[in-house]
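1. after the sequence you'll find the predicted model.
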Amino acid sequence: MTFTVKHYIHGQLTTGQSSDFLPIYNPSEGSVIGEVCRGTAQDVDAAVQAAKAMFPQWQSLSALKRARILFEFKALLEQNKSNLAALISREHGKVLADAIGEVQRGIEVVEFACGVPHLLKGSFSHTIASGMDCYDLRQPLGVCAGITPFNFPAMVSMWLFPLALACGNTFVLKPSEKDPSASIFLAELLQKAGLPDGVFNIVQGDKIVVDAILNHPDVAAVSFVGSTPVAKYIYETASSHGKRVQALGGAKNHCVVMPDADLTQAVEGIMGAAFGSAGERCMAISVVVAVGDEVGDQLATALQASIAKLVIGPSEDPASQMGPVISEAHRQKIIHYIESGIQQHAKMVVDGRQALMTKHQGFFLGATLFDHVTPQMTIYQDEIFGPVLCMVRVSDLQEAVALINHNPYANGAVIYTQQGANARYFSQHMHAGMIGINVPIPVPLAFHSFGGFKHSLFGGYHMHGEDGIRFYTRLQTISARWDYKTPAKQQHFTMPTLE
Ligand code: NAD
């Protein structure tokens with residue numbers, strides 16, 4: 001065992017009460033490279049108590065001073081971008097260039113959070129009555145918790161804590177147990193940036209830690225990103241304990257290709273969106289909807305040719321375009337899905353199982369393409385979260401939109417077309433949170449909000465952007481009378497009205 005990833009509580013790395021550890025793999029090699037503490041309810045309590053104790057001091061600091069720490073954090077992230085990306089790539093298996101992109105998207109949320117003095121400004125109504133004004137404030141909530149998935153170990157946590165901290169909250173993070181090292185790297189940069197100890201804490205582990213967070217009376221809000229069944233559980237459990245919750249779930253993102261689309265542009269976009277990060281992205285395209293058989297035939301041929309050129313290899317090899325999947329268990333799950341596609345008579349165009357890497361021991365799988373997939377098939381219904389692309393054929397745009405709207409997931413949806421009227425119809429009628437028009441992965445920048453509809457998000461708030469500020473604050477309205485001239489009135493017992 002080469003290293004142990006610990007908890008980070010009140011500025012200290014600690015194994016806390018944990019006596020149990022979980023393995024960390026290098027998916028490119030298929031071997032265990034370290035271990036992570038499996039936290040307990042006592043560890044969660046220690047982290048929450050540290051965060052609770054620091055809340056009064058942190059929320060009393062001016063928003064400008066909090067932002068200055070985040071400016072410093074952003075500078076440190078820029079300096080350490082490639083080291084952080086290398087950590088992510090090693091434990092996740094995504095190629096280095098992709099990991100650098102992930103860190104960059106996280107940095108952009110920190111940039112947005114640096115503007116918090118402006119974002120927290122309230123409204124003011126002057127002289128609503130004689131000598132009386134009314135104004136509102138955005139107050140922090142207290143101790144906020146974040147529970148994050150394996151597929152973006154740095155970016156998703158940076159969707160959460162920069163805004164939570166900027167708004168004056170303290171924070172407890174529960175990273176994915178599969179690639180936890182990035183979380184400690186971020187904690188150390190925050191400390192170097194001048195964040196007081198206890199404001200940001202990490203408890204490593206699995207469901208035990210999650211349940212302790214959901215049940216802890218001093219946790220005010222929970223942000224979750226992960227699969228739909230867990231998101232639903234988090235939303236229901238945390239809400240029933242009176243916490244504010246945003247719980248982002250899984251996805252099945254469709255890409256409609258119209259007969260008027262630029263097919264070269266569409267194929268390039270689909271290849272990156274379907275097979276980048278081995279399909280392990282919540283905004284990955286997993287279903288292509290070809291409008292008309294001519295488009296379907298052309299796409300099948302072009303995608304097959306592009307897949308043949310896809311370079312699959314270890315994440316640290318600069319030549320690799322696609323790395324391994326996260327674990328052997330996940331690879332087997334994807335292989336079972338491919339087998340179910342064959343059994344249910346989808347047309348196999350490219351079989352990714354044949355590209356199983358024999359020269360590497362890691363969790364590799366090639367890209368798979370199925371054509372003539374129908375909505376009744378398991379490969380269409382389930383989120384596979386791997387390099388498997390399904391093509392469905394429909395006769396027109398209306399049928400495409402109806403098909404997608406029938407799907408319970410609704411994170412992103414994309415259309416390739418050269419006609420504005422098609423694009424407009426699509427965006428107007430599509431029930432999904434993020435729409436792409438000739439854009440394969442429509443992930444909004446930090447100053448817009450990120451989130452889906454239906455089974456892709458439980459709760460009323462999206463991530464970052466204005467919704468992020470709203471989620472991490474509560475509105476307080478103050479009515480104040482400062483009037484030395486008007487004599488005090490007699491007591492009255494009716495509802496006060498203003499004059
Ligand atoms: P996951 O749901 O298995 O795990 C997410 C987090 O929940 C982890 O920290 C994990 O330790 C914890 N967890 C797992 N099982 C739990 C349980 N039974 N009870 C309590 N906590 C539990 O997800 P994952 O495999 O890490 O990530 C992939 C999933 O995340 C995919 O479904 C993907 O679509 C989704 N995702 C969604 C978004 C989005 O923005 N909607 C973004 C990234 C990933």
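-> Nice, thanks for sending it over.

2. need the per-residue pLDDT for residue 486.
-> According to the per-residue confidence, residue 486 scores 67 in pLDDT.

3. typo on my end, it should be residue 483
-> Residue 483 carries a pLDDT value of 82.

4. next: the one 10 residues further on.
-> According to the model's per-residue confidence, residue 493 sits at a pLDDT of 80.

5. relative to the whole chain's centre, how far out is the host helix or strand of residue 239?
-> Using DSSP states H and E, residue 239 maps to helix 228-240. Distance of helix 228-240 from its chain centroid, counting by Cα atoms, centre = their mean, to the nearest Å, is 16 Å.

6. that one close to the ligand?
-> Yes. Judged by Cβ under 6 Å from any ligand atom, helix 228-240 comes into contact with the ligand through 230, 233. (Each C-beta comes from the backbone N, C-alpha and C, glycine too.)

7. mind giving me the packing neighbours of that helix?
-> Taking 3 or more Cβ pairs under 8 Å, 6 or more residues apart in numbering; DSSP states H and E as the contact definition, the neighbouring helices and strands of helix 228-240 are helix 207-215, strand 219-225, strand 244-248, strand 457-458.

8. contacts for the third one, please.
-> Spelled out, it's strand 244-248. Residues outside strand 244-248 that contact it (Cβ atoms under 8 Å, 6 or more residues apart in numbering): 141, 220-226, 231-232, 234-235, 238-239, 282, 451-452, 456-463, 471.

9. need the pLDDT of the residue positioned nearest the centre of the chain.
-> When the chain is reduced to its mean C-alpha position, the nearest residue by Cα atoms, centre = their mean turns out to be residue 156, at 4.4 Å. Predicted confidence (pLDDT) at residue 156: the value is 98.

10. check which residues of the helix holding residue 239 are buried.
-> Burial within helix 228-240, assessed by neighbour count using 16 or more other Cβ atoms under 10 Å, is assigned to 228, 230-231, 233-235, 237-239.

11. any chance of a markdown table for these, columns pLDDT and distance to residue 101?
-> Output for those, formatted as a markdown table (pLDDT from 0 to 100; distance: Cβ to Cβ, whole Å):
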| residue | pLDDT | distance to residue 101 |
| --- | --- | --- |
| 228 | 98 | 25 |
| 230 | 98 | 26 |
| 231 | 98 | 24 |
| 233 | 98 | 31 |
| 234 | 98 | 27 |
| 235 | 98 | 29 |
| 237 | 98 | 33 |
| 238 | 98 | 31 |
| 239 | 98 | 34 |
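
12. with respect to residue 426, which of those residues is nearest?
-> Using Cβ to Cβ, the shortest approach to residue 426 within those belongs to residue 228, at 24.0 Å.

13. nearest spatial neighbour of the closest one, skipping sequence neighbours?
-> Sequence neighbours aside, residue 249 is the residue nearest to residue 228 in space, at 3.5 Å (criterion: Cβ to Cβ, 6 or more residues apart in numbering).

14. now do the one you found against the ligand, distance only.
-> Noted for residue 249: a distance of 6 Å to the ligand, by Cβ to the nearest ligand atom, to the nearest Å.

15. go ahead and confirm that residue touches residue 457.
-> Yes. Judged on Cβ atoms under 8 Å, residue 249 makes contact with residue 457 at a distance of 6.5 Å.

16. okay, and the common contacts of those two?
-> A shared contact of residue 249 and residue 457, defined by Cβ under 8 Å, 6+ apart, is any residue touching both; here these are residue 231.

17. just the pLDDT for the residue nearest to residue 481 when sequence neighbours are not counted.
-> Sequence neighbours aside, residue 132 is the residue nearest to residue 481 in space, at 4.3 Å (criterion: Cβ to Cβ, 6+ apart). pLDDT recorded at residue 132 is 93.

18. quick check: closest non-adjacent residue to the residue in the stretch 1-150 of the chain positioned nearest to the ligand.
-> When distances are taken as Cβ to the nearest ligand atom, the stretch 1-150 of the chain approaches the ligand most closely through residue 149, which lies 3.1 Å from it. If you skip the residues right next to it in sequence, residue 149 has residue 226 as its closest partner in space, 4.4 Å away by Cβ to Cβ, 6+ apart.

19. for the chain, what lies in contact range of the ligand?
-> Residues of the chain that fall close to the ligand, judged by Cβ under 6 Å from any ligand atom: 147-152, 156, 174, 176-177, 206-207, 210, 225-227, 230, 233, 248-251, 282, 383, 385, 411, 452, 456.

20. ok, residue 29 touching residue 362?
-> Yes. If you go by Cβ under 8 Å, residue 29 and residue 362 touch, sitting 5.4 Å apart.

21. so where's the stretch 301-450 of the chain shaky on pLDDT?
-> Along the stretch 301-450 of the chain, the model assigns pLDDT under 70 to residues 356-359.

22. and the helices in it, which stretches?
-> Secondary structure of the stretch 301-450 of the chain, counting by DSSP state H, counting those that start in this stretch: helices at 328-343, 378-381, 397-406, 420-429.

23. what is the second one packed up against?
-> Helix 378-381 is packed against helix 328-343, strand 388-394, with contacts defined by 3+ Cβ pairs under 8 Å, 6+ apart.

24. buried stuff in that helix?
-> Residues of helix 378-381 classed as buried by neighbour count (16+ other Cβ under 10 Å): 379-380.

25. any residues touching that helix, and which ones?
-> When contacts are defined by Cβ under 8 Å, 6+ apart, helix 378-381 is touched by residues 252, 287, 337-338, 340-341, 344, 346, 370, 373-375, 388, 390, 392.

26. drop anything exposed from these.
-> When burial is judged by neighbour count using 16+ other Cβ under 10 Å, the buried members of these are 252, 287, 337-338, 341, 346, 370, 373, 388, 390, 392.

27. which residue ranges make up each domain of this protein?
-> Partitioning the chain according to automatic domain parsing yields domains covering residues 4-249+456-478, 253-437.

28. would you list the ones you listed in CSV and tack on distance to residue 445?
-> Putting the domains of the chain into CSV (distance: least, Cβ to Cβ, whole Å) gives the following:
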stretch, distance to residue 445
domain 4-249+456-478, 6
domain 253-437, 12
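
29. for residue 143, which non-adjacent residue is closest in space?
-> Nearest non-adjacent residue to residue 143, counting by Cβ to Cβ, 6+ apart: residue 51, 4.4 Å away.

30. residues touching the one you found, list them.
-> For residue 51, the contacting residues are 143, 170-172, 198-201, by Cβ under 8 Å, 6+ apart.

31. could you give the angle of the one helix or strand it maps to to helix 207-215?
-> According to DSSP H and E, residue 51 maps onto helix 41-60. Angle of helix 41-60 versus helix 207-215, following axes from the mean of the first three to the mean of the last three Cα atoms, to 10 degrees, is 50 degrees.

32. which residues belonging to helix 41-60 are considered buried?
-> 41, 43-52, 54-55, 58-59.

33. could you tell me how far the closest residue to residue 414 other than its chain neighbours is located from residue 407?
-> Spatially, and ignoring its direct neighbours in sequence, residue 414 is nearest to residue 436 (3.7 Å; Cβ to Cβ, 6+ apart). From residue 436 over to residue 407 the distance is 16 Å, taken as Cβ to Cβ, to the nearest Å.
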